[in-house]
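K.L.:
Please work out how this folds:
(2 chains)
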Amino acid sequence: MTAAAELSRAGSGRVDQLRTFARRNPTIVAGAGLLVFMALVAVSASLIAGDAQFLNPSERLRGPSAVHWFGTDHLGRDVYARTVFGARISLVVGIAVAILSITSGLAIGLVAGYFRRVDAPVMRLMDGLMAIPGILLAIALVSLNRASVGIVIVAISIPEIPRVVRLVRSVVLTTREQPFIEAAIGGGSRHWKIILRHILPSTIAPLIVQATYVMASAILTEAGLSFLGAGVPPEIPTWGNMIASSRLFLASAPWTIFFPGTCLALVVLAVNLMGDGLRDRLDPRLARRM
Amino acid sequence: MIAYIARRLLSMLPVVAIVAMFVFLLLHLAPGDPAAIIAGDNATPENIAQIRKALGLDEPLWRQFLVWAGSLAHGDLGKSMFWNEPVTTLIAQRAEPTASLAFTTLSVAIVLAITMGVTAAAKPGTATDRFVMGFAVFGFSVPVFVVGYMLIFVFAIALKWLPVQGYTPIAEGVAPWLRNLVLPSVALGLAYVALIARITRATMLDVLAEDYIRTGRAKGVAARPLLLKHALKNAAVPIVTVIGIGVALLIGGVVITETVFNIPGIGRLVVDAITRRDYPIIQGVIMVFSGIYVFVNLLVDLSYTLLDPRIRY
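P.N.:
Next comes the predicted model:
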């Protein structure tokens, strides 16, 4: 067999594998597909859309047309271009919040679960933090600082941390009672080695699922904050900002709200679908129930 | 039982104290001078000095916290910078719309969600079940304000069935009060219904797989009592837990819903405070909403003894 034929066979094997995977996990594939599409849109925004900031007062509040696919807003800006660029902020904030809150929650949770002495105080702090409504905490954090994407990311991450800490801690508490941990302690392993080598791996599967839910909620919160005027600065096109600035024109130009709103809902839906699919796969006990 | 309730009420205190600590530190550990932040961009040095004096910002941090926490314990949330009125008064003035919205949303959402969850679990895999599951994922993904504007556009602008925005106090009649609350309640309740319907379905499926359900079916218990009495009662604890946890969702949603529907409630108070940088209001509303959340979840804990006689304290 020639190398080329072998390669194509291996390729078709992989395609078959993908097909089987898609049949068994339709929600993961649907969610991930939609998300990848949105990510491509976000990355290639400057190629597929025109200037999102260009003001054209003579073309104010025009409905969708061949020139302006999603119509124009009250300043004559192209809603399509703004929606496409808005995908960037949503995805960046969603992913950054997921990474930031999962890593900090993981670190705190590992320490709290493993070292009994710090457990109680840390968990009381987390209980208190969890009692504060996330969006209000974020509002307070953003309005105390100069509005920027970075501040918004930090402000949304902090309220998400306690839930991650609780999850990690519960995994650590059950894992540390396993005989292999005792064996590792008996064998003279250092604490940090036990944590990193023997406990950390069992937190990964639940954390992947949690990360998708954090991402979905972060995208919603970012849009909410922008909408309330406590988020990303208004000159940056985000879906929340677009809806906030167009809300007075709902009756005359519903497209200015409809398109960014639909994209927002689709992205969150994609992330949630992926999360549900991953949970079904990684946690068979819950599969097909939730 | 009374001793237990008292003990649980006391156990709320540390959590509330930690919330207070976070809320206090929020303003004082933020980069920059809190007095300058409060005074805003156009403040003169005299303004800043005045605010610093009024807030006691020259004192050491721990003493400031004690003073602040002390007045908090007396129910004093400080004075609004913009209105120059006590924050508690401002919150009390705006409590009715928010309480009304919460009441209509909670009552309709819980009944609707449990009905949906039970119906779906009774016939898993059918079209009804798939509809409920689809609704649950969808409802959890659409942002409150997008739903709100869609509802306004369809039912208020296009069909003209309901008022676009605003709030009518209940004192002016129940019908106009309700008419104004229909759309906001639907927008606010959507995610909450999705959450509760989902957990109801999941726990009902677990309970329906139990042996005693099979026994009940075998001895001829009719489908309805079996579902509602034997199964739902035993599924109650996780459902009620999620109803409590989900209140956080409602609190966040209230802030946005009141802005969309122009309802002069506590949520609007805090949103208006953002642009005015009126921190005492932001701090006060966070304290009140966090307190409500902790209290609701205390009630949920207490309800376990009523729902499941096996749980005793």
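
K.L.:
Do a quick rundown of the helices in the stretch 101-250 of chain B.
P.N.:
Per DSSP state H, counting those that start in this stretch, the stretch 101-250 of chain B carries helices over the ranges B:127-141, B:144-151, B:174-208, B:211-218, B:223-225, B:233-245, B:247-260.

K.L.:
repeat for the stretch 51-200 of chain A
P.N.:
Applying DSSP H, counting those that start in this stretch to the stretch 51-200 of chain A gives helices spanning A:79-114, A:116-131, A:134-144, A:149-175, A:179-186, A:191-193, A:200-228.

K.L.:
ranking the ones you listed by burial, who's on top?
P.N.:
Mean neighbours per residue, mean count of other C-beta atoms under 10 Å in any protein chain shown, is largest over those for helix A:134-144, with a mean of 25. Yep, even glycine has a C-beta here, placed from its N, CA and C like the rest.

K.L.:
ok, back up a step: do you know which of the helices of the stretch 51-200 of chain A lies nearest chain B?
P.N.:
Nearest of these to chain B, taken as C-beta to the nearest C-beta: helix A:116-131 at 2.7 Å.

K.L.:
now what about stretch B:61-79, what contacts it?
P.N.:
Residues outside stretch B:61-79 that contact it (C-beta atoms under 8 Å, 6 or more residues apart in numbering or on different chains): B:17, B:20-21, B:24, B:28, B:55-57, B:59, B:85-88, B:91, B:280, B:283-284, B:287-288.

K.L.:
Could you identify the buried members of those residues?
P.N.:
B:20, B:24, B:55, B:57, B:86-87, B:91, B:280, B:283-284, B:287-288 (16 or more other C-beta atoms under 10 Å in any protein chain shown).

K.L.:
who's in contact with residue 266?
P.N.:
Picked chain A for this. Listed by C-beta under 8 Å, 6+ apart, the contact partners of residue A:266 are A:34, A:38.

K.L.:
Let me rephrase: I mean chain B.
P.N.:
By C-beta under 8 Å, 6+ apart, residue B:266 lies in contact with B:91, B:94-95, B:98, B:254, B:258, B:285, B:288-289.

K.L.:
again, but for residue A:149
P.N.:
Here residue A:149 is in contact with A:89, A:92-93, A:232, A:236 (criterion: C-beta under 8 Å, 6+ apart).

K.L.:
and what of residue B:218?
P.N.:
By C-beta under 8 Å, 6+ apart, residue B:218 lies in contact with nothing.

K.L.:
From the structure, what's the count of residues near residue B:27?
P.N.:
20 (other C-beta atoms under 10 Å in any protein chain shown).

K.L.:
can you pull the buried residues of whichever strand or helix holds it?
P.N.:
Using DSSP states H and E, residue B:27 sits within helix B:2-28. Neighbour counts over helix B:2-28 (16+ other C-beta under 10 Å) mark B:15-16, B:18-20, B:22-24, B:26-27 as buried.

K.L.:
Show me what that helix packs onto, helices and strands only.
P.N.:
When contacts are defined as 3 or more C-beta pairs under 8 Å, 6 or more residues apart in numbering or on different chains; DSSP states H and E, helix B:2-28 packs onto helix A:116-131, helix A:134-144, helix B:34-39, helix B:61-73, helix B:279-307.

K.L.:
now that helix against helix B:279-307, angle please.
P.N.:
Between the axes of helix B:2-28 and helix B:279-307, defined by axes from the mean of the first three to the mean of the last three C-alpha atoms, to 10 degrees, the angle is 160 degrees.

K.L.:
Check the model's average confidence along helix B:2-28 for me.
P.N.:
Averaged across helix B:2-28, the pLDDT comes to 85.

K.L.:
Over in chain B, which residue gets nearest chain A? Let me know.
P.N.:
residue B:18 (2.7 Å).
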